[in-house]
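K.L.:
requesting a structural model of the entry that follows:
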Amino acid sequence: MKKNINFTNYNNSNATIVTIGTFDGVHIGHQKIIKRLVDIAHKKHLNSVVLTFFPHPRMVLQNNNDIKLLNTIEERETILSDLGLDYLVVKTFTKKFANLSAEEFVKNILVDKLNAKHIIIGYDHRFGKGRSANIDDLKSFGKQYDFEVEEISVQDIEDVSVSSTKIRNALNDGDILTANTYLGYGFYITGKVVKGKGLGRKIGFPTANIEIAEDYKLIPKNGVYVIKTSIENKLVYGMMNIGMNPTVNGTKKTIEAHFFNFNNDIYNQTLKIEFVARLRDEQKFESVELLKKQLKLDEKNAKVFI
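P.N.:
Numbering: from 1, shown residues only. Model prediction:
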């Protein structure tokens, strides 16, 4: 991908093929649409563009800050780039933007700014102030402003919706295998390694405390997971606890990773950590010794997946 670019800074004059949406998760349903977009771009010698919005429209219009997304914008960029997309254009979503009329949106955004010549959009897509316009209106604008509109079928849109729901439900249940199946890749988090209390090291299981900057990122259900990451270009497996650390009377939720056969200093490094499988719920043990015994068993069980 050439770049993830803020809408204001986008100044590419080449003709484009555009699709519009959140594309949260960029899962197998989305990937089918992106593949179609990229294929047509190559055939027609157009630049392929995904126009997305951030913050999520529901965060702005419904003041809903509880919404959790499967990807951060940066994670979405990485996945889309791997699919061959040219540009991920991020438009800041505001109430002022939401009040653009349908024609203002088409002329100012799609035509004047993005130079769209082909638009792929869902049969049920609504746009313009109050979501007043539909795909038939877009086709009419296409005749006026010289772009083609291609409709994403009912089945493909339903597949996207079903996949998104199944992934969210699976992650909230800790069902990593189902989530990864519908995503088409391993669900992952991106976070910085920060200083913790050092309790893990004292019992022979040093952990990296992972801090995720984006509070809107969906985190799987509390529990213990098998994970993998790349550190200094080396594949490293491990196990992760998400939760409150009840055995040592923890007071806040933490994300802690213990990596197998690895003891390098990685403080302040940013890691992409992929979830492989779930081992168990988080538990409160009667003593630190019992916790240590369970961690040894967890490590044995985790290595089955390596």
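K.L.:
tell me where this protein is predicted with low confidence.
P.N.:
2-4 (pLDDT under 70).
K.L.:
per-domain residue ranges of it.
P.N.:
3-169, 187-305 (automatic domain parsing).
K.L.:
which of the three states applies to I273?
P.N.:
Going by DSSP: H, G, I helix; E, B strand; the rest coil, the secondary structure assigned to I273 is strand.
K.L.:
same thing with the one 3 residues further on?
P.N.:
Three states are possible here, and by three-state DSSP the one that applies to V276 is strand.
K.L.:
can you tell me the closest non-neighbouring residue to it?
P.N.:
Closest residue to V276 apart from its sequence neighbours, by C-beta to C-beta, 6 or more residues apart in numbering: V226 at 4.2 Å. Every residue, glycine included, has its C-beta placed from N, CA and C.
K.L.:
same deal with Q269?
P.N.:
Here the residue nearest Q269, using C-beta to C-beta, 6+ apart, is V193, at 5.2 Å.
K.L.:
check the secondary structure at the one you found for me.
P.N.:
Secondary structure, three-state DSSP: V193 is strand.
K.L.:
what residues are up against the closest residue to F23 other than its chain neighbours?
P.N.:
Of all residues not flanking F23 in the chain, H30 sits nearest, at 5.1 Å (C-beta to C-beta, 6+ apart). Going by C-beta atoms under 8 Å, 6 or more residues apart in numbering, H30 touches G21, F23, V160, S163.
K.L.:
R280 now?
P.N.:
Neighbours of R280 in contact, by C-beta under 8 Å, 6+ apart: G223, V224, D298.
K.L.:
for D24, see how far away the residue nearest the centre of the chain is.
P.N.:
Residue closest to the mean C-alpha point of the chain, counted by C-alpha atoms, centre = their mean, is N71 at 1.6 Å. As judged by C-beta to C-beta, to the nearest Å, N71 and D24 stand 6 Å apart.
K.L.:
my guess is the residue nearest to F23 is in a helix, correct?
P.N.:
Yes. Assessed by three-state DSSP, H30 belongs to a helix.
K.L.:
residues making contact with stretch 293-306?
P.N.:
203, 205, 224, 226, 237-239, 258, 260, 276-277, 279-280, 283, 285.
K.L.:
could you redo the last one with a cut-off of 10 Å?
P.N.:
Here stretch 293-306 makes contact (C-beta atoms under 10 Å, 6 or more residues apart in numbering) with 200, 203-205, 224-228, 235, 237-241, 247, 258, 260, 276-277, 279-280, 283, 285, 287.
K.L.:
ok, so of the contacts of H30, who is nearest K139?
P.N.:
G21 (18.1 Å; C-beta to C-beta).
K.L.:
ok, the closest one - contacts?
P.N.:
G21 neighbours (C-beta under 10 Å, 6+ apart): H30, I33, V50, L51, T52, F53, I120, I121, G122, H125, I152, V160.
K.L.:
now the second one. Its backbone dihedrals?
P.N.:
Going back to what we said before, that points to I33. Here the main-chain torsion angles of I33 (degrees, to the nearest 10) amount to phi -70, psi -40.
K.L.:
quick check: the gap between N180 and I34.
P.N.:
19 Å.
K.L.:
burial of K293, as a residue count?
P.N.:
A count of neighbours around K293, defined by other C-beta atoms under 10 Å, yields 12.
K.L.:
related to what we said a few turns ago, would you list the domains of the chain in CSV and tack on distance to D175?
P.N.:
Output for the domains of the chain, formatted as CSV (distance: least, C-beta to C-beta, whole Å):
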stretch, distance to D175
domain 3-169, 8
domain 187-305, 7
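K.L.:
of all the ones you listed, which lies closest to I176?
P.N.:
Across these, I176 has its closest neighbour in domain 187-305 (4.8 Å, C-beta to C-beta).
K.L.:
what about the closest one, start to end distance?
P.N.:
End-to-end span of domain 187-305 (C-alpha to C-alpha, to the nearest Å): 16 Å.
K.L.:
and it, how far out from the chain's middle?
P.N.:
Relative to the centre of its chain, domain 187-305 is centred 21 Å away, using C-alpha atoms, centre = their mean, to the nearest Å.
K.L.:
likewise for stretch 136-155?
P.N.:
28 Å.
K.L.:
buried set for that stretch?
P.N.:
Across stretch 136-155, burial judged by 16 or more other C-beta atoms under 10 Å covers D137, L138, K139, F141, G142, F147, V149, E151, I152.
K.L.:
which of these sit farthest apart?
P.N.:
Largest pairwise distance in the buried residues of stretch 136-155, by C-beta to C-beta, is 17.5 Å, between F141 and I152.
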